[in-house]
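> got a predicted model here, sequence first, then my questions.
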Amino acid sequence: MFKIDNLTNSLSRTWDTVSQGWNHLINNTSNALTRFISSDDKEKADNVPSSSPHWGLISADLYDGSDKMVVKVEAPGLVNDDFDISIVNNILTISGEKQFQKETTKGEYRILECAYGRFSRSIPLEYEVNTDTAKASYDKGILKIELEKKPHQRRRTIEIK
Amino acid sequence: MSERQTYFSTMVMILIFVMLAALAVQGWYMLGMQQKLDQLQASNVETQPQVQQPIGQTKKNNSNRFNSQNSRIYDDWFNDSFDPDNWDPMYEMQQMQDRMNQIFGNAFNRFDRSSNFNHLFKNNQFSPQVDVLEEEDKFVVKVNLPGFDNENVNVTLEDQTLTINGSIEQKKEETDEHGRVISRERRSGKFNRAITLPAPLKQEGMTTHIDKGVLQITLLKK
């Protein structure tokens, strides 16, 4: 049947477009999706309105240079002291706490989409890195971590003679 | 026969009669339309300036239409004189099929072609998270915009609608020719977000500043 074939073809193509988009979205964000737990500090935890979401995106870009790795993590609205970065067994763990700023005047939240509280994200590293020379900086809401690879893990290109 | 069964059968009979009546009325109207069309055509032919065309030739054209290979999708049924000798059911079927294919083609190709549908996934438009706090005399809007500068963001207030848009390019600052990107989760591209606030606002006196990737906008209430 010509007609039915046409129909199934078009439908499957449509489905492919949709599922491809979803897969793309999932691949991009599933790792970044992080749970925000309420703070240990009772007073801080009480500040956060209950309607605030418990899940947020901590997106990271990983770059693999020939002798170092650069990790950039999006974490807007934190201060340097809020972060806790560690490397154990080639796994980089970035944890922190996004503090909820209590307004001095009484107000009501109309929209609340940002997540607050403690979070932790672990990123497995492909290479062994030198933890002593690791550098971290925080600017414009982006945490940048530079990790030096151990010498035997550095990439060398071999030229053909 | 039980009472219920008779009731049921009478209902069925009534339904059938109603349907038949509807069919008859439809047929009657169609006949009327056909006659009217004939009349109109006849008057058209009369009023038209005389084009010399032998009657036999037009008739031939008409009868050829069913078998002709130029597949006109829209065939006006009423205008054609029906000729049972030349009637080709296969041609009619083919026509119907073509028409169906056209409809399905139109309906489903739209998904592929439509830019609206594709840009959901292919264009990197994103929408940043927003907090809106209403206080007694002002609104405080906070937008998560990591990596943005003042120059990248554009904030406009129009009546009660606050529009925030901007764009960011994730630049490849690492100029290492052997380097590679392992993963890229951060969004780049354009964003556009409009928020309608629930109270009238002063059009002046809006302050904006970006600190640590959070854009804070203060709007004064009237």
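Received it, and whenever you're ready, just let me know what you need. Numbers count the residues shown, from 1 in each chain, chains lettered A, B, ... in the order given.
> which stretches of chain B aren't confidently modelled?
The model of chain B has pLDDT under 70 over residues B:1, B:44-84, B:105-125, B:171-177.
> residues near the closest residue to chain A within chain B, how many?
Closest to chain A within chain B is B:Gly213: 1.5 Å, counting by Cβ to the nearest Cβ. Heads up, the C-betas are built off the backbone N, CA and C, glycines and all. Residues lying near B:Gly213 (other Cβ atoms under 10 Å in any protein chain shown) number 22.
> same check on A:Ile94?
Other residues near A:Ile94 number 22, with proximity taken as other Cβ under 10 Å.
> strands along chain A, start to end?
A:33-35, A:55-57, A:60-64, A:68-74, A:83-88, A:91-98, A:107-112, A:117-124, A:129-139, A:142-149 (DSSP state E).
> direction included, what does the third one pair up with?
Read that as strand A:60-64. Using DSSP bridges, strand A:60-64 pairs in its sheet with strand A:68-74 (antiparallel), strand B:180-184 (antiparallel).
> among those strands, which is the most enclosed?
Of the strands paired with strand A:60-64, the one with the most neighbours on average (mean count of other Cβ atoms under 10 Å in any protein chain shown) is strand A:68-74, at a mean of 22.
> run the angle between that strand and strand A:129-139 for me.
Interaxial angle, strand A:68-74 versus strand A:129-139 (axes from the mean of the first three to the mean of the last three Cα atoms, to 10 degrees): 40 degrees.
> tell me the contacts of A:Val129?
If you count contacts by Cβ atoms under 8 Å, 6 or more residues apart in numbering or on different chains, A:Val129 has them with A:69, A:87, A:90, A:147-150, A:153.
> nearest to B:Lys221, of the strands paired with strand A:60-64?
Minimum separation from B:Lys221 across the strands paired with strand A:60-64 (Cβ to Cβ) falls at strand A:68-74, 32.2 Å.
> what's the angle between the closest one and strand A:83-88?
Using the same axes, to 10 degrees: strand A:68-74 against strand A:83-88 is 140 degrees.
> just the mean pLDDT for strand A:68-74, thanks.
Mean per-residue pLDDT for strand A:68-74: 89.
> hang on, the earlier thing: just the buried residues out of the contacts of A:Val129, in ChimeraX syntax.
To isolate the buried members of those in ChimeraX, using 16 or more other Cβ atoms under 10 Å in any protein chain shown:
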select /A:69,87,147,148,149
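> so which of the contacts of A:Val129 is the closest to chain B?
When the contacts of A:Val129 are compared for distance to chain B (Cβ to the nearest Cβ), A:Met69 wins out at 8.1 Å.
> so how far is B:Val153 from the residue of chain B closest to chain A?
Going from B:Gly213 to B:Val153 by Cβ to Cβ, to the nearest Å gives 11 Å.
> shared neighbours, the two?
Joint contacts of B:Gly213 and B:Val153 (Cβ under 8 Å, 6+ apart) are B:Leu145.
> now A:Ser52: closest residue in space, sequence neighbours ignored.
Once flanking residues are discounted, A:Ser52 sits nearest to A:Leu112: 4.9 Å by Cβ to Cβ, 6 or more residues apart in numbering or on different chains.
> what is B:Ser167 paired to in the beta sheet?
B:Lys190.
> what residues are up against it?
B:Ser167 touches B:152, B:189-191, counting by Cβ under 8 Å, 6+ apart.
> how about residues contacting stretch A:116-123?
For stretch A:116-123, using Cβ under 8 Å, 6+ apart, the contacting residues are A:32, A:34-40, A:45, A:48, A:52, A:54, A:56, A:58, A:60, A:62, A:71, A:73, A:91-100.
> can you do 7 Å?
Contact partners of stretch A:116-123, identified using Cβ atoms under 7 Å, 6 or more residues apart in numbering or on different chains, comprise A:34-39, A:48, A:52, A:56, A:58, A:60, A:62, A:71, A:91-98, A:100.
> and the contacts of B:Ser167, which two are the farthest apart?
Longest span within the contacts of B:Ser167, Cβ to Cβ: B:Asn152 and B:Gly189, 11.6 Å.
> more crowded one of these two?
More crowded of B:Asn152 and B:Gly189, by other Cβ under 10 Å: B:Asn152, with 16 against 12.
> tell me the contacts of the nearest residue to the more buried one once chain neighbours are set aside?
Spatial nearest neighbour of B:Asn152, chain neighbours left out: B:Gly166 (4.7 Å); criterion: Cβ to Cβ, 6+ apart. The contact partners of B:Gly166, taken as Cβ under 7 Å, 6+ apart, are B:148, B:152-154, B:191.
> kindly recompute the last result at 6 Å.
When contacts are counted by Cβ atoms under 6 Å, 6 or more residues apart in numbering or on different chains, B:Gly166 touches B:152-154.
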